[in-house]
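K.L.:
model this:
(2 chains)
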Amino acid sequence: MSDDDVRMSQIARALRAPVRLSASFDARVMAAVRRLPGHERLKLWARLTTPRSVTMVPLTWGLLAASVALFAVLGALHFVVDVDRAAKPIASALFPAQMKPAPQRVQFVLVAPDAKKVAVVGDFNGWDAQHAGYQAQHRGGGVWSVTAPVPVGHHRYSFVVDDSVWVADPSAPRVVDNDYGVPNSAIVVPQE
Amino acid sequence: MTKSVRTVTVLSLVARALTAQSGGPDPRLVARLDKPTYVAVNAIVDSARAAKLPTAPLVDKALEGAAKGSDGTKIVTAVQQLRVRMTSARAVLGSNATSDELKAASAAFEAGVSDRDLARVKAASGKRPVTMPLAVITDLIGRQIEVSAATNLVIQLEKSGVKDSAFGLFQRNVRADIDRGADPTVAAQTRARGLLQRGATTGKPSE
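P.N.:
All right, here's what the predicted structure looks like:
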């Protein structure tokens, strides 16, 4: 075996021997790989998942906080308004007493010197001339009056004198009534 | 209130509203009307309920007829005519019109106000209720003021943003003037002019 053959054998043996790498070599290699440009599909994900430090000026923080607060308020308002819009007509249909404003006390006055009895009838008391809460009292001098609760809204009414004579309130708006031949009065009770 | 609680509340309200829609016979009608009249009136009320019209004014109209001693035919006719008027009123005022607005519009129709005039009153009122303006128009017509004159005056006041309370004052003043012997139309025009000049208005004009 020539000297050259011996040297070649030594080189080949050295090359076949396992390579002993330092402990930090893997880390250095992987760091180098991570620094290489990634695949297009992975770029966004990598951006989102890779920890990084972000520097922001106070004005940017302020604008960001204001935007978040604005969206929160608008969202809350939208939700509240929608719920109310949905619930109000339903609740008012279901629980009219709870949803409608409280009835207002209204004074009805009729001058009827010859009357023995005066009652107020209307769509607020079922046109019931015997309704106890709507019997007028004689105040003297032919003046009869009663103050009674009337629901907020538009109503038609009349006086009934001596259980037989229907008299429209001379101090109230008139309602043309061709249905039953006896005129009524109108009242619009506003919400206080 | 949490979202889930709100949702449950709304759903329960919807369920109860649907239940309430089914309605039932008004015991006052049973007590005060004879059987044939009751059956006819109840059928009209049911049809109104199905058409999503307010039924209370129809029941009240029947009770009014009974209280005034009218016969059954008159009562049924009156209730049916009111139903027709309310249907027409809702067609003009829209499905969001309140029961009070429909009642006031029905009374205005009965006094001679046309669909077109009602639409003008509605347009002039913007988003405000037309109950009081219509009540005033009906009253003016009842005091012998021509329909067109009464309607135009009230529309003029509406466009100026006159409040309901000012409408009430206007009506009372016109009535007092007429009671003292004034010509109804002149009294209404004069009081309207005064109201506008005094600036008894609120907010921006609607147009």
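
K.L.:
which secondary element of chain A has the worst mean pLDDT?
P.N.:
When the helices and strands of chain A are scored by mean pLDDT, DSSP states H and E, helix A:96-99 comes last with a mean of 52.

K.L.:
spatially central residue in chain B, please.
P.N.:
Closest to where the C-alpha atoms of chain B average out (Cα atoms, centre = their mean) is B:Ala104, at 1.6 Å.

K.L.:
which helix or strand in chain B has the lowest average pLDDT?
P.N.:
The weakest-scoring helix or strand in chain B, judged by mean pLDDT, DSSP H and E, is helix B:3-21 (a mean of 48).

K.L.:
which SSE is immediately downstream of that one?
P.N.:
The helix or strand immediately downstream of helix B:3-21 is helix B:27-32, counting by DSSP states H and E.

K.L.:
that next one - contacts with which helices or strands?
P.N.:
helix B:35-50, helix B:56-67 (3 or more Cβ pairs under 8 Å, 6 or more residues apart in numbering or on different chains; DSSP states H and E). Every residue, glycine included, has its C-beta placed from N, CA and C.

K.L.:
looking at this, A:Glu120 is in a strand?
P.N.:
Careful, residue A:120 is Val; it's not Glu. Yes - assignment of A:Val120 by DSSP: H, G, I helix; E, B strand; the rest coil places it within a strand.

K.L.:
and it, what does it touch?
P.N.:
A:Val120 is in contact with A:108, A:134, A:136, A:146, A:148, A:157-160, counting by Cβ atoms under 8 Å, 6 or more residues apart in numbering or on different chains.

K.L.:
pairing partners for it in the sheet, please.
P.N.:
A:Val120 has these beta-bridge partners by DSSP bridges: A:Phe159.

K.L.:
output the longest helix belonging to chain B.
P.N.:
Using DSSP state H to define each element, chain B has its longest helix at helix B:72-93.

K.L.:
next, the angle helix B:56-67 makes with the helix or strand following that helix.
P.N.:
Next helix or strand after helix B:72-93 toward the C-terminus (DSSP H and E): helix B:99-111. Put simply, helix B:99-111 runs at 50 degrees to helix B:56-67, going by axes from the mean of the first three to the mean of the last three Cα atoms, to 10 degrees.

K.L.:
helix B:99-111 - contacts with which helices or strands?
P.N.:
In terms of contacts (3+ Cβ pairs under 8 Å, 6+ apart), helix B:99-111 is packed against strand A:153-161, strand A:174-175, strand A:184-189, helix B:56-67, helix B:72-93, helix B:115-125, helix B:131-142.

K.L.:
report whether stretch B:61-79 contacts chain A.
P.N.:
Yes - using Cβ under 8 Å from any Cβ of the partner chain, stretch B:61-79 reaches chain A at B:61, B:63-68, B:70, B:74, B:77-78.

K.L.:
tell me the average confidence for the longest helix of chain B?
P.N.:
Mean per-residue pLDDT for helix B:72-93: 96.

K.L.:
so what touches it?
P.N.:
With Cβ under 8 Å, 6+ apart, helix B:72-93 has contacts from A:179-180, B:33-34, B:36-37, B:40-41, B:44-45, B:47-48, B:51, B:53-54, B:57-58, B:61-62, B:65-66, B:70, B:97, B:101-103, B:105-106, B:109-110, B:115, B:118-119, B:122, B:130.

K.L.:
repeat that for stretch B:137-151.
P.N.:
Stretch B:137-151 has contacts (Cβ under 8 Å, 6+ apart) with A:173-176, A:183, A:186, B:104, B:107-108, B:110-114, B:117, B:120-121, B:153-154, B:171, B:174-175, B:178, B:184-185, B:188-189.

K.L.:
please, a PyMOL command that selects the buried ones among these?
P.N.:
Here is the PyMOL command that selects only those of the contacts of stretch B:137-151 that count as buried (16 or more other Cβ atoms under 10 Å in any protein chain shown):
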select buried, (chain A and resi 173+174+175+176+183+186) or (chain B and resi 104+107+108+110+111+112+113+117+120+121+153+154+171+174+175+178+184+185+188+189)
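
K.L.:
give me the neighbour count for the residue lying closest to B:Ser99 once chain neighbours are set aside.
P.N.:
Excluding its sequence neighbours, the residue lying closest to B:Ser99 (Cβ to Cβ, 6 or more residues apart in numbering or on different chains) is B:Pro54, at 3.9 Å. B:Pro54 has 19 neighbouring residues, counting by other Cβ atoms under 10 Å in any protein chain shown.

K.L.:
for the one 3 residues further on, same thing?
P.N.:
Residue crowding around B:Pro57 was assessed by other Cβ under 10 Å; the count is 23.

K.L.:
where does chain B dip in pLDDT?
P.N.:
Low-confidence segments of chain B (pLDDT under 70): B:1-24, B:199-207.

K.L.:
thinking again about what came up before, show me which pair in the residues of stretch B:61-79 next to chain A is furthest apart.
P.N.:
Greatest spatial distance in the residues of stretch B:61-79 next to chain A: B:Ala67 and B:Thr77, 16.5 Å, computed using Cβ to Cβ.

K.L.:
need the buried ones from the residues of stretch B:61-79 next to chain A selected in PyMOL.
P.N.:
Typed into PyMOL, the line below selects the buried ones among those, using 16+ other Cβ under 10 Å:
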select buried, chain B and resi 61+63+64+65+66+67+68+70+74+78
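
K.L.:
surely A:Asn125 touches A:Gly133?
P.N.:
Yes - contact criterion Cβ atoms under 8 Å: A:Asn125 and A:Gly133 qualify, at 7.2 Å.

K.L.:
and the strands in chain A, which stretches?
P.N.:
Here chain A has its strands, by DSSP state E, at A:104-111, A:118-122, A:137-140, A:143-150, A:153-161, A:165-167, A:174-175, A:184-189.

K.L.:
ok, and what's touching stretch B:182-199?
P.N.:
Residues from elsewhere that reach stretch B:182-199 (Cβ under 8 Å, 6+ apart): B:140, B:143-146, B:149-150, B:153, B:156-157, B:160, B:162, B:166, B:169-170, B:173-174, B:177-178.

K.L.:
kind regards, and thank you for your time.
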